[in-house]
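*Asks:* Got a predicted model here, sequence first, then my questions.
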Amino acid sequence: MKKWKIFLIVIVAVALVVGGGFMIYRHQYNNAMMSDIATTTVDKNKFRPYILGTPISFARDGNSAEYIKTSDGWGGQEPEHRCALNMESVLNLYIPNGAGTDLRVTVDAFGVFNPNTATYQQVTVLANGIQVAVWRVGYDGPFVANIPASVMSDDTLSLQFLATQPYTPPKDSRKIFMAVREITVERVLGAQTKRKIGIWIKQNLMDGGMPQTYDTDISTNDELM
């Protein structure tokens, strides 16, 4: 058999072994997380169980209703997002085996502000009461905050998004500071390069890109949870 064929067979075999091992690991990991969720004494009505890396979609067909309550400062469902209302919106998560882990929260959102006087909405991010970021939420995201391992003494994470000047758009009676499409919390890896260029841009040039259209006539005020 020719050497290149042997080499190709070896490469394929290694790939299959690595891929199979990763699938087995993920299966066991997910089973362990679900077992932890089933047996925890944490109040799951307040802290919603969350597996790291799971996108929380705020679109109409998304899964945000599994994680948020409108009483925690979130608006009703709209086609592509939900709005963060008044001066504070909260996301409470229970993360199995999350204590002592460096985390990163990524929020895909755009700011809602008076276009005549501002180009962004300033949003302060707290994790378990500790400030981890101040964003200038402009025309488009995503926006990123790193959460040090020291912030989580147990497996619960409370994310607070605070604004000082929420805006009431025309034809709307609510005070809004940003419209959120998606939130993801993930473990920070030492060699992680995911979205590195985009993250740098948003951390340093945060006013965003193209203006987003916000239609105030299409939201619904459904009560969640």
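*Replies:* Ah, there it is. Residues are numbered from 1 along each chain as shown.
*Asks:* from here on, contacts and neighbour counts on C-alpha atoms
*Replies:* Noted.
*Asks:* list the contacts for the residue lying closest to Ile147 once chain neighbours are set aside?
*Replies:* For Ile147, the nearest residue in space outside its immediate sequence neighbours is Leu103; the separation is 4.9 Å by CA to CA, 6 or more residues apart in numbering. Residues in contact with Leu103, defined by CA atoms under 8 Å, 6 or more residues apart in numbering, are Asn146, Ile147, Pro148, Ala149, Val185, Glu186, Arg187, Val188.
*Asks:* Recalculate using a threshold of 6 Å.
*Replies:* Applying CA atoms under 6 Å, 6 or more residues apart in numbering, one finds that Leu103 lies in contact with Asn146, Ile147, Glu186, Arg187, Val188.
*Asks:* Among those residues, which one has the most neighbours?
*Replies:* Ile147 (23 neighbours; other CA atoms under 10 Å).
*Asks:* Helices of this structure, start to end?
*Replies:* Counting by DSSP state H, residue ranges of the helices within the chain are 3-39, 196-204.
*Asks:* how close does Ala127 get to Ala59?
*Replies:* Using CA to CA, to the nearest Å, one gets 24 Å for the distance from Ala127 to Ala59.
*Asks:* Name the residue in these two with the higher neighbour count.
*Replies:* When Ala127 and Ala59 are compared for neighbours, Ala127 comes out ahead with 23 against 17, by other CA under 10 Å.
*Asks:* The more buried one contacts Phe161, correct?
*Replies:* No. In this structure Ala127 lies outside contact range of Phe161 using CA atoms under 6 Å: 9.2 Å.
*Asks:* Flag the shaky bits of this structure, pLDDT-wise.
*Replies:* Along the chain, the model assigns pLDDT under 70 to residues 1-7, 10, 17-39, 190-225.
*Asks:* mind listing the strands for it?
*Replies:* Assigned strands in the chain, in chain order: 48-49, 56-57, 82-85, 88-94, 103-111, 121-127, 130-137, 143-147, 156-163, 176-187 (criterion: DSSP state E).
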